[in-house]
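S.K.: only geometry, no sequence info:
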């Protein structure tokens with residue numbers, strides 16, 4: 001056997017060995033990736049909007065022209081996104097690897113505020129012209145996993161601005177307990193839905209009071 005033939009044979013063997021190694025690595029990576037199953041959740045609990053045409057329905061609250069409002073920006077920090085966040089301590093934030101919201105938290109907050117303010121409580125939505133403007137920053141939208149128990153937290157920074165300045169400014173925090181301690185994400189989402197509804201109702205009450213106050 002010549003040296004050239006020997007080298008060629010060993011080169012072919014080395015090539016086959018590399019190909020087999022890469023194939024096995026690809027299979028291993030595929031198997032590991034298949035283990036992580038991404039699950040998506042929504043904390044929205046849209047209540048049916050009754051109209052006077054529905055049997056047994058009560059008339060919706062009539063918009064009050066004296067309570068004009070523009071819903072301005074609803075924003076959140078870069079730490080809040082589709083991955084569901086949790087806190088094990090007051091200052092430490094973590095994320096579930098496989099659990100996601102269907103949308104960013106500020107989108108849920110904006111829709112909840114729109115329903116509470118304009119559909120359920122009758123404020124008149126202004127889209128152009130002068131009107132007091134409510135701006136909201138979502139500070140927290142996460143699960144609390146503290147020694148005292150588990151809860152869902154919604155924390156909002158509110159500022160109501162009119163032509164003369166700030167009418168109202170406050171940071172509100174709504175916590176709702178998780179119904180079970182067995183770690184089911186469904187219970188966390190249900191608690192977050194409660195917290196989101198309660199936050200929207202709290203904001204509506206605060207804004208209505210600020211708009212109705214003499215200026």
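M.R.: Sure thing, it's come through. Small disclaimer: the values here were computed from a predicted structure and weren't measured. Residues are numbered from 1 along each chain as shown.
S.K.: tell me the SS of the nearest residue to residue 96 once chain neighbours are set aside?
M.R.: Nearest non-adjacent residue to residue 96, counting by C-beta to C-beta, 6 or more residues apart in numbering: residue 84, 4.8 Å away. For glycine as for every other residue, the C-beta is placed from the backbone atoms N, C-alpha and C. Taking DSSP: H, G, I helix; E, B strand; the rest coil as the rule, one finds residue 84 in the strand state.
S.K.: do the same with residue 198
M.R.: Applying three-state DSSP to residue 198 yields a three-state assignment of helix.
S.K.: what does residue 211 give?
M.R.: Of the three states, residue 211 takes helix according to three-state DSSP.
S.K.: ok, it - how many residues close by?
M.R.: Applying the criterion other C-beta atoms under 10 Å, we find 21 residues in the vicinity of residue 211.
S.K.: my read: it touches residue 133, true?
M.R.: No - in this structure residue 211 lies outside contact range of residue 133 using C-beta atoms under 8 Å: 11.4 Å.
S.K.: overlap in contacts, these two.
M.R.: Taking C-beta atoms under 8 Å, 6 or more residues apart in numbering as the criterion, residue 211 and residue 133 both touch 69, 160.
S.K.: spatially central residue in the protein, please.
M.R.: Compute the mean C-alpha point of the chain, and by C-alpha atoms, centre = their mean the closest residue is residue 105, 2.1 Å away.
S.K.: identify the residue nearest that residue in space, chain neighbours excluded?
M.R.: Skipping the residues right next to it in sequence, residue 105 comes nearest to residue 141 by C-beta to C-beta, 6+ apart, at 3.7 Å.
S.K.: and the one you found, how close does it get to residue 80?
M.R.: According to C-beta to C-beta, to the nearest Å, residue 141 and residue 80 sit 6 Å apart.
S.K.: equivalent analysis for residue 94, please.
M.R.: Applying C-beta to C-beta, one obtains 13 Å for the distance of residue 94 from residue 80.
S.K.: now residue 114: phi and psi?
M.R.: With angles defined as degrees, to the nearest 10, residue 114 sits at phi -60, psi -40.
S.K.: what helix or strand does the nearest residue to it once chain neighbours are set aside sit in?
M.R.: Distance criterion C-beta to C-beta, 6+ apart; nearest residue to residue 114, sequence neighbours excluded, is residue 71 at 6.2 Å. When secondary structure is defined by DSSP states H and E, residue 71 falls within strand 64-76.
S.K.: with residue 191 instead?
M.R.: Following DSSP H and E, one finds residue 191 within helix 185-212.
S.K.: repeat for residue 130
M.R.: No secondary structure element spans residue 130, as it lies outside all helices and strands (assigned by DSSP H and E).
S.K.: what is the neighbour count of the residue nearest to residue 105?
M.R.: 27.
S.K.: now do the buried residues in the strand or helix carrying it.
M.R.: Element membership for residue 141, per DSSP H and E: strand 133-146. For strand 133-146, burial by neighbour count (16 or more other C-beta atoms under 10 Å) applies to 133-145.
S.K.: how about these in CSV, adding distance to residue 122 and pLDDT?
M.R.: Conversion of those to CSV gives the following (distance: C-beta to C-beta, whole Å; pLDDT from 0 to 100):
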residue, distance to residue 122, pLDDT
133, 18, 97
134, 15, 98
135, 21, 98
136, 20, 99
137, 25, 98
138, 25, 98
139, 28, 97
140, 29, 97
141, 27, 98
142, 32, 96
143, 33, 96
144, 34, 95
145, 39, 90
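S.K.: thank you, goodbye.
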